[in-house]
Every structure is written in structure tokens, then in C-alpha cells.
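Peer 1: Need the 3D shape of this:
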Amino acid sequence: MSLLEQIGEGLSQTWNQLSEGWRELMQRAGRALTRFRHTRHAGNLQTREDQFLSLASEWAVLPAEVRETDDAVEVRLEIPGMEAADFDISVVGNDLIVRGVKQVESESTEGRYHVLECAYGEFERIIPLPAEVDDARARARYRRGILRISLPKLRRGGNVKVTVEG
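Peer 2: Down below sits the predicted model:
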């Protein structure tokens, strides 16, 4: 094999490894990638907030952790800059749906932005659940930018001791 063929073979292997790594990254991060919709500025940039939203990112990564125990499914979602009242959480089928609105909080009206990577607006994140849950007993807590949702598992069948009354 000539030197040129060896270089070509090496480049091909490197490209394949890079492509595989990129696909894996997209698969993992793609679930966390969330679109934020700006509903206020439909082409009419009248207020400073509308101008700000027109420059803000429409995409953000909202990383989640889903942990299953014997009794519950625990979900942890990182989304800083919100209040507990900003969330709308529901369970539909085997999916946890977290909706919300991240508001713009502009501290100053002076200067201009050079980097604007934070996303603002309405969002929806759908998280598949690994087990059936009792959504009527679900609890959620938001603190320090972390949304924690505890979803007790639905009990069906299984070994349940029945007490006989006399």
C-alpha cells in the first residue's frame, strides 16, 4: 500500500469516527434541545423587550435526568431564571410534558449585547417516562433553577396482602 493510500485510509477512518461521535452527540443532546417561541414580536419591534427577544436565541438545551426507583419516577430538569408559577406540568400517556414561559428580565436599558445565548419565550419539553405513573399524586418543586418532579408509580396487580375481616 502506497503512502497516499495509507493517508487516505487514515482519513477515512478518522472521518467515520468523527461522524459516529457526532451522531451520538446529536442523539443524546437532541432530546434536550428545546425551542423557545417568541410570541410577542410578530415583526413589530415596538418595545425594548420585543427588540431583545428578536435577538435572543430560539433554542436552548434543557438537560433532564430521569431516575426510576421501586416506587416512583423522579425527574430533574435544569431551567434557571424562572419562577414556580411559570410552569405547566402534565402527564399524557407515558410522557411527562413540561411547558412554561421564560420571561425577559432586562436589568438595564443602556448599552448593547455582544453575546446573547439565553433563550426566552414559551417552551415545551416532552420527557418519555419509563413506567406508568399515578399523575394524581405527582409533586413538583422548583428551587435554584432546578425543577424536580416526583411521580409515584401506578400500582397494578402484583403481590398485595388482603386482610380478611371477621
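
Peer 1: residues near V75, how many?
Peer 2: A count of neighbours around V75, defined by other Cβ atoms under 10 Å, yields 21. Just so you know, the C-beta spots here come from the backbone N, C-alpha and C atoms, and that holds for glycine as well.

Peer 1: For the protein, name the helix or strand with the lowest mean pLDDT.
Peer 2: Per-element confidence for the chain was summarised using mean pLDDT, DSSP states H and E. The lowest value among helices and strands belongs to helix 48-55, with a mean of 58.

Peer 1: Sheet partners, orientation included, of whichever helix or strand comes after that helix?
Peer 2: Read in the C-terminal direction, the helix or strand following helix 48-55 is strand 59-61, with elements assigned using DSSP states H and E. Strand 59-61 has its sheet partners listed here by DSSP bridges as strand 33-37 (antiparallel).

Peer 1: what's the average pLDDT for the partner strand?
Peer 2: Summarised as a single mean, pLDDT over strand 33-37 is 72.

Peer 1: Mind listing what's buried along that strand?
Peer 2: By neighbour count, with 16 or more other Cβ atoms under 10 Å as the criterion, the buried positions of strand 33-37 are T34, F36.
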